[in-house]
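K.L.:
sequence? don't have it. structure:
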């Protein structure tokens with residue numbers, strides 16, 4: 001069951017908050033009296049979404065803050081974090097929700113394969129830059145949105161940038177596997193700090209995440225019927241994110257992955273501590289930080 005715990009006095013950052021699961025997460029948090037920072041790539045779309053969210057929730061505008069964040073640009077991540085650290089006395093929850101799905105091969109501003117760069121490296125840098133503030137705000141939480149499609153990916157340290165070969169579905173799976181390994185290693189590093197980190201897989205949700213997936217015109221009516229019948233709504237898809245952000249049931253729980261608000265077993269490759277630590281070390285080099 002989704003948490004109904006109130007969030008009055010708490011500040012939550014949600015990346016990719018202007019559509020889909022992210023937007024539904026913001027609505028749910030505002031209904032619980034939380035204050036939400038919407039971290040979005042496109043300011044125009046964020047403003048439009050914010051108007052819809054405020055109208056739907058009746059929340060006062062002071063509890064909804066819009067910030068520009070492009071996870072495909074490490075410069076943008078640095079600028080966002082400098083602004084947050086300067087302006088915010090505390091951050092209670094960071095929800096790493098934004099993602100890109102099965103896009104054609106392209107690169108981030110710094111030259112990383114787009115899915116790995118946005119889904120993993122951008123959030124890796126974001127979380128690391130905000131860790132001191134999260135520690136000062138403890139007890140605080142980090143929530144990482146992964147996907148069951150992690151099962152389709154592998155961490156090939158010889159070709160993390162997909163320059164030797166690129167398969168968009170495999171690359172997405174790799175980025176979501178990286179999310180889980182990041183969660184595993186971050187949980188180990190945060191032991192005793194009062195900051196917890198957990199991941200989740202939301203299931204198949206009706207969002208615009210699949211905009212790069214081509215469906216034949218003749219098949220679209222059937223696809224739309226199936227998606228309405230069997231896919232989760234964004235509100236249903238957001239329930240586990242909200243649960244991990246709010247529920248007292250997961251206070252102190254760390255390094256787990258949840259589905260439908262319950263812990264789930266992962267394949268061994270998603271919890272391999274040696275691989276997780278190596279990926280962390282290489283990710284530090286890629287984004288230009290050292291800890």
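P.N.:
Received, thanks. Fair warning: this is a prediction, and the values are worked out from it, not measured in the lab.
K.L.:
may I ask which helix or strand of this structure has the lowest mean pLDDT?
P.N.:
Ranked by mean pLDDT, DSSP states H and E, the weakest helix or strand in the chain is helix 220-230, scoring a mean of 47.
K.L.:
after the longest helix anywhere in the chain, next one along is what?
P.N.:
The helix that spans the most residues within the chain, counting by DSSP state H, is helix 168-189. Sequence order places strand 195-200 as the next helix or strand after helix 168-189, per DSSP states H and E.
K.L.:
what lines up beside that following strand in the sheet?
P.N.:
strand 140-145 (parallel), strand 257-259 (parallel) (DSSP bridges).
K.L.:
check which helices and strands the longest helix of the chain is in contact with.
P.N.:
helix 114-115, helix 123-136, strand 140-145, strand 195-200, helix 273-287 (3 or more CB pairs under 8 Å, 6 or more residues apart in numbering; DSSP states H and E). Where C-beta positions appear, they are placed from N, C-alpha and C, glycine not excepted.
K.L.:
ok, which of the ones you listed comes nearest residue 99?
P.N.:
Taking CB to CB, strand 140-145 is the member of the helices and strands packed on helix 168-189 nearest to residue 99, at 6.8 Å.
K.L.:
next, the angle helix 123-136 makes with the closest one.
P.N.:
160 degrees (axes from the mean of the first three to the mean of the last three CA atoms, to 10 degrees).
K.L.:
ok, the residue lying closest to residue 163 once chain neighbours are set aside - contacts?
P.N.:
Computed as CB to CB, 6 or more residues apart in numbering, the closest residue to residue 163 that is not its neighbour in sequence is residue 113, at 7.8 Å. For residue 113, the contacting residues are 105, 106, 107, 160, 161, 162, 163, 166, 171, by CB atoms under 8 Å, 6 or more residues apart in numbering.
K.L.:
kindly reformat those residues as a markdown table containing neighbour count, pLDDT and secondary structure.
P.N.:
Formatted as a markdown table, these follow (neighbours: other CB atoms under 10 Å; pLDDT from 0 to 100; DSSP: H, G, I helix; E, B strand; the rest coil):
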| residue | neighbour count | pLDDT | secondary structure |
| --- | --- | --- | --- |
| 105 | 13 | 97 | coil |
| 106 | 12 | 97 | coil |
| 107 | 15 | 98 | strand |
| 160 | 21 | 95 | coil |
| 161 | 15 | 95 | coil |
| 162 | 20 | 96 | coil |
| 163 | 11 | 95 | coil |
| 166 | 15 | 97 | coil |
| 171 | 25 | 97 | helix |
